[in-house]
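Enquirer: Structure of the sequence below:
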Amino acid sequence: MAKYYSKNHEWVSVDGDEAVIGISSYAAESLGDITYAEIPEEGVDLIVGDAVGVVESVGESRDVYSPISGTVMEVNTLLEDDPGLVSISPEGKGWFCKLDNIDLDELEELMDEAAYAKYLKTL
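Expert: All right, here's what the predicted structure looks like:
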């Protein structure tokens, strides 16, 4: 499973023709303890850059943007009751949604893990 990152600190993990979207560990650490997470509805069609949700911490609110186009086929309903999962496991159990009908060509605009790590050093 390949993982890619955007400059807005979202990640997408691709397995075949399906993708999982979340925020990076860097973004989660920057926000601190996340107290609220808004997730999209199933069936919504997303285009790169569309808002997929919102995360809020005590002092900040941040939109989460889709790094790839596709259709929301599943959402992480655990975040409704436990938004802290995004803080604890941003690149694991704290994922936001799964997409199908993805456009694999859009991955060329994203960074792989090594490039993202290099990008973080410039911030």
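Enquirer: what ranges do the strands span in the protein?
Expert: 2-5, 10-15, 18-23, 34-38, 45-46, 51-57, 61-65, 70-75, 97-100, 111-112 (DSSP state E).
Enquirer: looking at these, which is closest to residue 87?
Expert: Residue 87 lies closest to strand 34-38 among the strands of the chain, at 4.6 Å (C-beta to C-beta). Where C-beta positions appear, they are placed from N, C-alpha and C, glycine not excepted.
Enquirer: Tell me which of the strands of the chain approaches residue 82 most closely.
Expert: Among the strands of the chain, strand 34-38 comes nearest to residue 82, with 8.8 Å by C-beta to C-beta.
Enquirer: Packing partners of that closest one?
Expert: strand 51-57, helix 85-88 (3 or more C-beta pairs under 8 Å, 6 or more residues apart in numbering; DSSP states H and E).
Enquirer: thinking again about what came up before, need the winner for burial among the strands of the chain.
Expert: Neighbour counts (mean count of other C-beta atoms under 10 Å) averaged over each of these peak at strand 18-23, with a mean of 25.
Enquirer: If you average the pLDDT over that one, what comes out?
Expert: For strand 18-23, mean pLDDT rounds to 97.
Enquirer: What is the end-to-end distance of stretch 102-112?
Expert: 17 Å (C-alpha to C-alpha, to the nearest Å).
Enquirer: Pairing partners for the residue lying closest to residue 1 once chain neighbours are set aside in the sheet, please.
Expert: Spatial nearest neighbour of residue 1, excluding adjacent residues (C-beta to C-beta, 6 or more residues apart in numbering): residue 15 at 4.7 Å. Under the criterion DSSP bridges, residue 15 forms beta bridges with residue 18.
Enquirer: Just give the nearest non-adjacent residue to the residue most central in space within the chain, would you?
Expert: In the chain, the residue lying closest to the centroid (C-alpha atoms, centre = their mean) is residue 22, at 2.1 Å. Closest residue to residue 22 apart from its sequence neighbours, by C-beta to C-beta, 6+ apart: residue 95 at 4.2 Å.
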